[in-house]
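Trainee: Next one to model:
(chains A and B)
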2 protein chains.
Amino acid sequence: MAETSRRERRKAATRRSIQLAAWRLVVERGLEEVTVQAISEAVDIAPRTFFGYFSSKEEALALDRLWTASRLGQVVTDRPEGERPLESLRALARQMAAEITSDRELMQLFIDARRRHPHLMQHLLGSDEERIQAVADTLARRLGMDPGVDPYPALAAWAAMAAGQAAAQRWSRAVGLPGGDPTLTPDAFVDEAFDLLERGL
Amino acid sequence: MAETSRRERRKAATRRSIQLAAWRLVVERGLEEVTVQAISEAVDIAPRTFFGYFSSKEEALALDRLWTASRLGQVVTDRPEGERPLESLRALARQMAAEITSDRELMQLFIDARRRHPHLMQHLLGSDEERIQAVADTLARRLGMDPGVDPYPALAAWAAMAAGQAAAQRWSRAVGLPGGDPTLTPDAFVDEAFDLLERGL
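Mentor: Next comes the predicted model:
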């Protein structure tokens, strides 16, 4: 039993080293230059060991967990029917924040990648405008509104993005990134921003 | 008198040709590659004629009219004392919208430049985050708030940006850019967005 858990821990540590190395390589060289070979060398494992953990570099980079337009729209689509739109958006922001902040080391690599390779991240994620449009379109559908006529869905989507950005900024300052208080969760900052939006500025 | 005004019109037309040619060259080649020589060739005038209109390529490009962080902060600083913060932000958005939409041909070149040279425009304008920060800091100063404690200034600044973006998007669709109804002003769209923010979402 002790033996098994030690082995489990060692496997989890290797898995994580591979993931961080893969993202570090993206920051240094860009996505195209990152190969399974290069990742394996960086972690000092054989490529066949890599494939014991991940089936591709995309999987190691967890690209399917990025907040693309379709993923954003899906989260809003999946919210309970009849929920007030600002509550759906708040839930989306909380989920994004929880996921993004759950691994601070990886988050820092995302931030670095975005700064160093803005085109790459735009290619992976879509433009802000496309992503906000996906949320606005989903809201409009749920509310039975015509987005060409009613300003609410687009404004709510843009404002939710603004609330998320303001919350992220306040959270990262309060935490004192990099380093800082690792126990502080972003929820209170997300709620503070959405409460203000709800009440009116 | 007729002679003078014909001459004035001809001068104004040349001035405008120079400006559009300068921005077209920025879109095609990037800012560094654009020289007074290249602009003059594009308009088919001598460089000394160029200098009869503008003292530098920067002046021809009207770079001082770009909405940089310091210009955004200045407009908010200059608003009447005691004005409600959302009114100051609405006035800022109206002024930006009026200026940006006053020359649709130039606006399209700005949009193209931003799409083709995101780094350049970020260099000229500063990042969105820096620009919003400048507005938030100015608001906090005017309201006597500590931006590290009170969430209002940052959220209001981010939300105003969101309102501006939503308004711009709705305006450009309503107008049907490129082309479209040239008489439609963006004010109604700006007001619609700010009214929603004020009332609460």
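Trainee: Just give the closest residue to A:R131, not the sequence neighbours.
Mentor: A:A69 (4.6 Å; Cβ to Cβ, 6 or more residues apart in numbering or on different chains). The way it works is simple: take the backbone N, C-alpha and C, and place the C-beta from them, glycine included.
Trainee: ditto for A:H117
Mentor: Closest to A:H117 by Cβ to Cβ, 6+ apart is A:G30, at 5.6 Å.
Trainee: any idea how far that neighbour lies from A:E41?
Mentor: Distance of A:G30 to A:E41, computed by Cβ to Cβ, to the nearest Å: 17 Å.
Trainee: Ok, A:S102 next?
Mentor: 28 Å.
Trainee: And for A:R9?
Mentor: 24 Å.
Trainee: Have a look at the two and say which one is more surrounded.
Mentor: More crowded of A:R9 and A:E41, by other Cβ atoms under 10 Å in any protein chain shown: A:E41, with 14 against 10.
Trainee: Mind pulling up the pLDDT for that one?
Mentor: Looking at A:E41, its pLDDT stands at 96.
Trainee: Could you do A:P182 as well?
Mentor: 66.
Trainee: shouldn't the residue nearest to A:R131 be in contact with A:E130?
Mentor: Yes - between A:A69 and A:E130 a contact is recorded at 5.0 Å, counting by Cβ atoms under 8 Å.
Trainee: what residues are up against the residue of chain A found nearest chain B?
Mentor: Using Cβ to the nearest Cβ, the closest approach of chain A to chain B is made by A:G200 at 3.3 Å. Applying Cβ atoms under 8 Å, 6 or more residues apart in numbering or on different chains to A:G200 gives the contacts B:197-201.
Trainee: Mind picking the two most distant members of the residues you listed?
Mentor: The widest separation within the contacts of A:G200, taken as Cβ to Cβ, falls between B:E198 and B:L201 and amounts to 10.3 Å.
Trainee: Which of these two has more residues huddled nearby?
Mentor: More neighbours surround B:L201 than the other of B:E198 and B:L201, with 22 against 14 (other Cβ under 10 Å).
Trainee: wouldn't the more buried one be in contact with A:A159 here?
Mentor: Yes - B:L201 lies in contact with A:A159 (Cβ under 8 Å); the separation is 6.0 Å.
Trainee: which residues do those two both contact?
Mentor: By Cβ under 8 Å, 6+ apart, the residues touching both B:L201 and A:A159 are A:L197.
Trainee: Name the residues of stretch A:21-32 that are buried.
Mentor: A:21-27, A:31 (16 or more other Cβ atoms under 10 Å in any protein chain shown).
Trainee: So among the residues you listed, where is pLDDT lowest?
Mentor: Comparing the buried residues of stretch A:21-32 by pLDDT, A:L31 comes last, at 89.
Trainee: Nearest residue to that residue in space, please, no chain neighbours.
Mentor: A:L31 sits nearest to A:L120 (Cβ to Cβ, 6+ apart), 5.4 Å away.
Trainee: One more: A:R65?
Mentor: Using Cβ to Cβ, 6+ apart, the closest residue to A:R65 is A:E99 (7.1 Å).
Trainee: so which strand or helix has that neighbour?
Mentor: helix A:85-101 (DSSP states H and E).
Trainee: Report all helices and strands that that helix contacts.
Mentor: Packing contacts for helix A:85-101, counted by 3 or more Cβ pairs under 8 Å, 6 or more residues apart in numbering or on different chains; DSSP states H and E, involve helix A:69-77, helix A:104-116, helix A:128-143, helix A:152-175, helix A:187-199.
Trainee: mind running it again at 6 Å?
Mentor: Counting contacts by 3 or more Cβ pairs under 6 Å, 6 or more residues apart in numbering or on different chains; DSSP states H and E, helix A:85-101 packs against helix A:152-175, helix A:187-199.
Trainee: so which of those helices is the most packed in?
Mentor: Per-stretch averages of neighbours, counted by mean count of other Cβ atoms under 10 Å in any protein chain shown, single out helix A:152-175 among those, with a mean of 23.
Trainee: packing partners for that helix?
Mentor: helix A:85-101, helix A:128-143, helix A:187-199, helix B:152-175.
Trainee: Same list, those, but as a markdown table with distance to B:R141 and mean pLDDT please.
Mentor: Shown next, in a markdown table, are these (distance: least, Cβ to Cβ, whole Å; pLDDT from 0 to 100):
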| stretch | distance to B:R141 | mean pLDDT |
| --- | --- | --- |
| helix A:85-101 | 28 | 93 |
| helix A:128-143 | 28 | 94 |
| helix A:187-199 | 19 | 94 |
| helix B:152-175 | 9 | 91 |
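Trainee: Out of those, flag the one nearest B:R115.
Mentor: helix A:128-143 (11.0 Å).
Trainee: List the buried residues for that closest one?
Mentor: Quick answer for helix A:128-143 (16+ other Cβ under 10 Å): A:131-140, A:142.
Trainee: what angle sits between that helix and helix A:152-175?
Mentor: Between helix A:128-143 and helix A:152-175, the angle comes out at 120 degrees (axes from the mean of the first three to the mean of the last three Cα atoms, to 10 degrees).
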